[in-house]
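J.: here is my input; please provide its structure:
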Amino acid sequence: MAIYTGNNGRVYVARQANNSIKKSGNNTITRRVVAAVNNNQIFQVVTVTGGGSNAVVRATSAGVVNAQVAFKIVDGGLGYNAGDKVYFAKNLNGVLKRFTADFALSSADIATSGIDNERDLVSGDEFLYGKVSSWQLSSSSEVTDTTALGDVTRSYRPSITSGEGTATIMFYEDDIDPTSGSKDIFGLSEVLFPRGLAPAVIISLAVDGGVDTDELFKTNFVFNAYITGATVSVSYGEVVTVETTFTVDGPLLDIPTKLSASTI
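T.: As a prediction, the model looks like this:
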């Protein structure tokens, strides 16, 4: 009989089935700048027409006025479509300063991103936000009183089930550009101080139940959730952790057979 032991888990930022500005590969958008930019300077994508929001880009080189500069997609945002007019800007002392003229996004600039089941999670860590070192998950079920007139004992039927919990997350830092070694903390900032609505996340909490070669006895609780509270703990030279509370959104996601569960 297997004895269940603690394991870690993962937290994924999950913008499900939303169009974003393409971030994969070496995708960049080259534009003529109307103000001087510095290498690695970060800019927000401002929408003129269309429903896109929250995209962020980074200059891959310095450029003077009228120079052509390639901008790397840092955060693709959501809700963008081909033909949307946007420009790159920066908030300087409370004033939004324009760094490019308006331009239209092409179909090549748009990608559909998001994850909604564990099968997508194991395909890569593109959406990985953090690794869980400890967690607690609780659920509660409401009941509906179905006692009828004349009954001598009360009777009930199950109703809505809800879940919530806590997780200590080890902050996971991705390379923006392997050649420059630049890092980003947009996953962390989106959870702590979202620029728009708080992003949905997918949380995978793992429990080990055996030592089988393929770990087929590993059980994961996988569900949509919203981070409702977060506290960052930092000590010099130590791993950065985030103490979070979360609320489960909907039922557990479908969990397929895991032939290589150790990759999760």
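J.: ok, G76 to R154 distance?
T.: Here the criterion is C-beta to C-beta, to the nearest Å. By it, G76 lies 53 Å from R154. (C-beta placed from N, C-alpha, C; glycine too.)
J.: out of these two, which sits in the more crowded spot?
T.: G76 (25 against 9; other C-beta atoms under 10 Å).
J.: that one is in contact with N27, isn't it?
T.: No - taking contacts as C-beta atoms under 8 Å, G76 lies outside contact range of N27: 9.2 Å.
J.: list the neighbouring strands of the strand or helix carrying F88 plus their orientation.
T.: Per DSSP states H and E: F88 is located in strand 85-92. Strand 85-92 pairs in its sheet with strand 42-49 (antiparallel), strand 95-98 (antiparallel), strand 103-104 (antiparallel), by DSSP bridges.
J.: which residues in the stretch 101-250 of the chain form helices?
T.: With DSSP state H, counting those that start in this stretch as the criterion, the stretch 101-250 of the chain has helices at 118-121, 186-192.
J.: and these, which one is worst for confidence?
T.: Mean pLDDT is lowest for helix 118-121 among the helices of the stretch 101-250 of the chain, at a mean of 54.
J.: so how far is P158 from T147?
T.: 15 Å.
J.: local confidence estimate at the nearest residue to F171 once chain neighbours are set aside?
T.: In space, and not counting its chain neighbours, F171 is closest to V240: 4.3 Å by C-beta to C-beta, 6 or more residues apart in numbering. pLDDT, V240: 80.
J.: need the contact list for V240.
T.: M170, F171, V232, S233, V234 (C-beta atoms under 8 Å, 6 or more residues apart in numbering).
J.: what does I160 give?
T.: I160 neighbours (C-beta under 8 Å, 6+ apart): S141, E142.
J.: can you report how many residues lie near V239?
T.: V239: 11 neighbours (other C-beta under 10 Å).
J.: got the buried residues for the longest strand seen in the chain?
T.: Determined from DSSP state E, the single longest strand within the chain is strand 128-145. Going by neighbour count (16 or more other C-beta atoms under 10 Å), the buried part of strand 128-145 is Y129, G130, V132, W135, L137.
J.: identify the bridge partners of the third one.
T.: Okay, so that is V132. G9, I169.
J.: who touches the closest residue to V46 other than its chain neighbours in this structure?
T.: Using C-beta to C-beta, 6+ apart and skipping residues adjacent in sequence, the residue nearest V46 is A89, 4.9 Å away. The contact partners of A89, by C-beta under 8 Å, 6+ apart, come to F43, Q44, V46, L96, K97, R98, F99.
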